[in-house]
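>>> A predicted structure for the sequence below; I have some questions about it.
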Amino acid sequence: MVWGSRRSHTVNTHVSDRQADRQTDRQTDRQGVHYFTCSNPSGGSFVRPGKASFGVDYLTAVQSLYVIDAEEVTSAEINISTRKLEWGRIKDRSFETLPTLLLGNHEVNGAGEDGEIRKTTPHVQFLDLGGTLMSSWEDVAAITKQLESLHTLQLNNNRLSLPSSPSTLCQAFLSLKVLALNSCDLTWTQILECAPMWPKLEDLFVEENNITELQRPVGVLQCLKNLNLSHNALQQDSLLSIAALPRLEQLTLLETGLSDIRFDDVPPGSVTSMFPALKVLNVDQNNITEWSVVDELSKLPGLVQFCCRGNRLASSDGNPRTANQLIIAKLGNLQVLNSCEITSDERRGAELDYIKMFGLDWLKTGASAAFTSTHPRYLTLIDKYGAPEEGELKKPVPFALKNQLLKIQFVFPDDVERKPIEKKLPASMEVQKVKGLLYRLLKVPAADLKLAYSSPKMEGTEFEIDSDLKTLQFYSIEDGDQMIVRWS
């Protein structure tokens, strides 16, 4: 069960209908007024009372779902984001020993008789109540106040009415560290209204809600370390409203429409006071196109992991590999990019290439304000590696064909008995012709061949060759690179 991923809506229709009914604005006047409003403005349904299920209490659901016999689960494991809960061996096969209860998408409607939960399932640490018939936070609190060891609670796909006095319910959530409220139709304002209930919360997942404008959490969420706001249409400027959270280490903003990030409290090359503890940032599948965003992120002193797949950050040569090198060079403390660890050799190669790539501009303008604002790490890299010389920065003039030949080593990782083959190929050679050459060597149809390449500069990293009509030069394949050949 992965909390950071997008969850499908699998709540039964009759369950969601009843939840919608419980949140309707009922009126007592019978003279032509609406008695309720559906959550979907274009539809609703009526169910005969005899055919509707009004659910069961917590313990009834537990007893019906967790009838344990000798042949059933003796060892199980549940993954929750980066956390792991082990069921272990249940020797006495009693509810009292269960650390985990998964009641999601079952018709739980409340706590039942007061005190019975504490007696029956006292050691529950992780509880899933997603997609149930719970209708209010008071109902949830009636359950959780009896689970003193509870640190992880999942309430995805529920519609819970807001509590009239959230602070009075905080005793029911004193041990809670992880909370998932994905797809609950909540605004950020409503989340802040509820936040006094969770004084020790560290991980909050609120994907696919109705969150657009963020406000600053004042006196709440101060222990928060991990926040996932993915799949919410966020307003650009409001992101900085959460920048003062003192312990926030991980922020996930996948598919939020983000196009810009700016820390205007300090000039380029300086350290911002915003997001003081942030280490991990995920902005996958957004609308980021400007390299200035990456330069702004270099102001975050603790940023060590960054994901930005599915954006339109492009280098001048259009090569994704070059774009990754630019990110590495611009973010000096980065250790992991797009879930791949950055090696010391990879960083050195990226930074040296960055110096050469923009060396002519630096020699022309010097350390001008315009240059340093666009390349705030450039002077730091010069201090690290030395200033570039004009001779090594001159752009190459056209040269003879023999000097354009690339020495490529073909390797076959899926065929350990086949020895590597070394060939000299022109940089202008198209991939489809390379496949034709391999067909003659291997007798494997070109359509079955899958190619990638690796470079000594970025050892351990493979780059996919995904177009037969592009040239080796397009992929920036260099002399001495390896081409990795696989086939189906």
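It's in. Computed from a predicted model, the values in this text were never measured in an experiment.

>>> would you map the helices across the chain?
13-22, 58-65, 116-120, 137-144, 188-194, 292-297, 320-330, 344-357, 359-365, 369-374, 378-385, 390-393, 401-404, 431-442 (DSSP state H).

>>> and those as a markdown table, adding mean pLDDT and distance to Q305?
(Glycine included, C-beta is placed from N, CA and C.) A markdown table is the format used below for the helices of the chain (pLDDT from 0 to 100; distance: least, CB to CB, whole Å):
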| stretch | mean pLDDT | distance to Q305 |
| --- | --- | --- |
| helix 13-22 | 42 | 37 |
| helix 58-65 | 91 | 38 |
| helix 116-120 | 95 | 39 |
| helix 137-144 | 98 | 32 |
| helix 188-194 | 98 | 25 |
| helix 292-297 | 96 | 12 |
| helix 320-330 | 93 | 12 |
| helix 344-357 | 92 | 14 |
| helix 359-365 | 87 | 29 |
| helix 369-374 | 89 | 25 |
| helix 378-385 | 93 | 21 |
| helix 390-393 | 64 | 33 |
| helix 401-404 | 50 | 39 |
| helix 431-442 | 90 | 33 |
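
>>> pipe the ones you listed into TSV and attach mean neighbour count per row.
Supplementary listing: the helices of the chain in TSV, determined by neighbours: other CB atoms under 10 Å:
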stretch	mean neighbour count
helix 13-22	17
helix 58-65	17
helix 116-120	16
helix 137-144	22
helix 188-194	18
helix 292-297	19
helix 320-330	21
helix 344-357	17
helix 359-365	15
helix 369-374	14
helix 378-385	15
helix 390-393	10
helix 401-404	11
helix 431-442	17
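
>>> distance to P41 for the ones you listed - can I get that in a markdown table?
Shown next, in a markdown table, are the helices of the chain (distance: least, CB to CB, whole Å):
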| stretch | distance to P41 |
| --- | --- |
| helix 13-22 | 12 |
| helix 58-65 | 33 |
| helix 116-120 | 38 |
| helix 137-144 | 26 |
| helix 188-194 | 20 |
| helix 292-297 | 38 |
| helix 320-330 | 43 |
| helix 344-357 | 52 |
| helix 359-365 | 56 |
| helix 369-374 | 49 |
| helix 378-385 | 55 |
| helix 390-393 | 63 |
| helix 401-404 | 65 |
| helix 431-442 | 52 |
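
>>> so which of the ones you listed is nearest M274?
Counting by CB to CB, M274 lies closest to helix 292-297 out of the helices of the chain; the figure is 10.1 Å.

>>> quick check on the nearest residue to N109 once chain neighbours are set aside: phi, psi?
Nearest residue to N109, sequence neighbours excluded (CB to CB, 6 or more residues apart in numbering): G55, at 3.3 Å. Main-chain torsions, G55, degrees, to the nearest 10: phi 90, psi -180.

>>> G112 is in contact with G55, correct?
No - the pair G55 / G112 is not scored as a contact, 10.9 Å apart, by CB atoms under 8 Å.

>>> ok so, going back, burial count for the residue nearest to N109?
When neighbours are counted by other CB atoms under 10 Å, G55 registers 18.

>>> so where is the protein shaky, pLDDT-wise?
Residues of the chain that meet the criterion pLDDT under 70 lie in 1-31, 35-36, 39, 50-53, 67-93, 391-404.

>>> domain ranges for it, per the record?
As given by automatic domain parsing, the domain ranges for the chain are 56-349, 401-487.

>>> which one of those domains is the most hemmed in?
Ranked by mean neighbour count, the domains of the chain are led by domain 56-349 with a mean of 18 (mean count of other CB atoms under 10 Å).

>>> that one: end-to-end distance?
62 Å (CA to CA, to the nearest Å).

>>> ok now that domain, how far from the chain's centre?
10 Å (CA atoms, centre = their mean, to the nearest Å).

>>> if we can go back for a sec, quick one, which of the helices of the chain gets closest to N105.
Closest of the helices of the chain to N105 is helix 13-22, at 7.8 Å (criterion: CB to CB).

>>> export the domains of the chain to CSV and tack on distance to G43?
Shown next, in CSV, are these (distance: least, CB to CB, whole Å):
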stretch, distance to G43
domain 56-349, 16
domain 401-487, 44
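
>>> hang on, isn't L363 packed against P388?
Yes - the criterion here is CB under 8 Å, and L363 meets it with P388 at 7.5 Å.

>>> which parts of the stretch 51-200 of the chain are strands?
Along the stretch 51-200 of the chain, counting by DSSP state E, counting those that start in this stretch, strands occupy 56-57, 77-80, 83-86, 100-102, 108-110, 126-128, 152-154, 178-180.

>>> which residues touch the residue nearest to N109?
By CB atoms under 8 Å, 6 or more residues apart in numbering, the contact list for G55 reads E107, V108, N109, G110, T132, L133.

>>> that one and A61: what is the separation?
8 Å (CB to CB, to the nearest Å).

>>> who is the closest residue to I421 other than its chain neighbours paired with across the strands?
Residue nearest to I421 in three dimensions, not counting chain neighbours: F410, with 4.5 Å by CB to CB, 6+ apart. Here F410 sits in beta bridges with I421, M483, as judged by DSSP bridges.

>>> how far away is F410 from M197?
Taking CB to CB as the measure, F410 falls 61 Å from M197.

>>> same thing with R262?
For R262, the distance to M197 (CB to CB) stands at 33 Å.

>>> with A314 instead?
According to CB to CB, A314 and M197 sit 45 Å apart.

>>> go on, L221?
11 Å.

>>> swap in G349?
Distance from G349 to M197, by CB to CB: 50 Å.

>>> which neighbours do G55 and A61 share?
Both G55 and A61 are in contact with E107, V108, where contact means CB under 8 Å, 6+ apart.

>>> quick check: the spatially closest residue to L437 that is not a sequence neighbour vs K407, distance?
Ranked by CB to CB, 6+ apart and with sequence neighbours excluded, the top spatial neighbour of L437 is K423, at 7.3 Å. Distance of K423 to K407, given as CB to CB: 8 Å.

>>> same check on W487?
23 Å.

>>> with H106 instead?
Distance from H106 to K407, by CB to CB: 64 Å.

>>> now Y66
Distance from Y66 to K407, counting by CB to CB: 64 Å.

>>> quick check: end-to-end length of stretch 153-171?
Using CA to CA, one end of stretch 153-171 lies 15 Å from the other.

>>> could you shift the numbering so residue one becomes 545, and keep it that way?
Will do, 545 is the new start, and the previous item becomes stretch 697-715.
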